[in-house]
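**Student:** coords below, sequence missing:
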């Protein structure tokens with residue numbers, strides 16, 4: 001690795017598994033001190049432990065403001081105010097989310113609480129931590145379902161991802177004068193535990209891959225390069241933007 005993040009402190013939510021863990025591991029490899037934040041204490045501890053001395057586990061439930069606020073406060077007490085925050089944690093309720101007429105209020109509210117409210121709370125407290133130190137970089141994980149009709153049978157998930165795209169743009173404009181950059185990375189279909197239902201259904205997986213011009217599913221590692229760029233000073237003139245790593249899915 002190149003040491004592009006030497007000296008930086010980064011916090012990654014949902015870092016106990018999947019894309020979040022891949023991002024956090026890559027940041028460590030690039031020289032950052034990385035906080036592995038996850039609501040699952042065991043997952044955060046295991047992932048951080050495997051990453052080495054630059055990794056710190058943190059239990060954080062992004063759907064709870066006291067948990068998010070306490071997490072950022074504890075980092076400040078330890079001298080770990082983040083230069084970079086990746087708001088990656090989220091849920092997709094397979095078997096419960098559906099087209100709008102068939103979604104229960106419970107599934108709708110749970111998805112919004114984690115994906116949209118959780119991202120809002122992460123950004124809120126990240127901005128509060130970064131402003132006094134003169135700036136930083138925030139990256140949110142979006143989805144093609146928030147940009148086109150790809151998620152027609154996932155009304156709640158698609159709505160939250162569309163909301164995240166809008167939240168990123170408004171936050172980027174509000175805090176650009178403070179030196180805080182806010183961008184979105186949009187992975188395509190990426191085989192992680194979150195989408196295990198699709199990954200184990202050959203027909204569903206084949207249908208999604210067929211809609212991906214590059215002709216394959218994504219992996220968590222496919223996302224880490226653009227995340228390093230946005231976390232580094234190389235992206236100092238990028239804010240309010242969407243960086244699509246979806247195999248061309250949203251170009252169709």
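**Tutor:** Ah, there it is. Since the model is a prediction, treat every value here as computed from it, not as a measurement.
**Student:** so which residues of this structure form helices?
**Tutor:** 18-29, 41-51, 65-77, 105-111, 118-130, 155-175, 196-199, 202-210, 221-231 (DSSP state H).
**Student:** what helices and strands are in contact with the first one?
**Tutor:** In other words, helix 18-29. strand 9-13, strand 33-38, helix 41-51, strand 84-87, helix 221-231 (3 or more C-beta pairs under 8 Å, 6 or more residues apart in numbering; DSSP states H and E). Glycine gets a C-beta too; all of them are placed from N, C-alpha and C.
**Student:** possible to save the helices of the chain as CSV with distance to residue 93?
**Tutor:** Shown next, in CSV, are these (distance: least, C-beta to C-beta, whole Å):
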stretch, distance to residue 93
helix 18-29, 16
helix 41-51, 19
helix 65-77, 21
helix 105-111, 5
helix 118-130, 14
helix 155-175, 7
helix 196-199, 10
helix 202-210, 16
helix 221-231, 22
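**Student:** ranking the ones you listed by mean pLDDT, which is last?
**Tutor:** Of all the helices of the chain, helix 196-199 carries the lowest average pLDDT, namely a mean of 62.
**Student:** for residue 238, give me its contacts.
**Tutor:** Going by C-beta atoms under 8 Å, 6 or more residues apart in numbering, residue 238 touches 181, 183, 230.
**Student:** is it possible to export those residues to TSV including neighbour count and distance to residue 112?
**Tutor:** Listed next are the contacts of residue 238 as TSV, based on neighbours: other C-beta atoms under 10 Å; distance: C-beta to C-beta, whole Å:
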residue	neighbour count	distance to residue 112
181	24	26
183	23	22
230	23	25
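**Student:** make JSON lines out of these and add distance to residue 158.
**Tutor:** Below are the contacts of residue 238 laid out as JSON lines (distance: C-beta to C-beta, whole Å):
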{"residue": "181", "distance to residue 158": "26"}
{"residue": "183", "distance to residue 158": "20"}
{"residue": "230", "distance to residue 158": "24"}
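**Student:** out of these, flag the one nearest to residue 152.
**Tutor:** residue 183 (26.4 Å; C-beta to C-beta).
**Student:** partner residues bridging that closest one?
**Tutor:** On the basis of DSSP bridges, residue 183 is bridged to residue 139.
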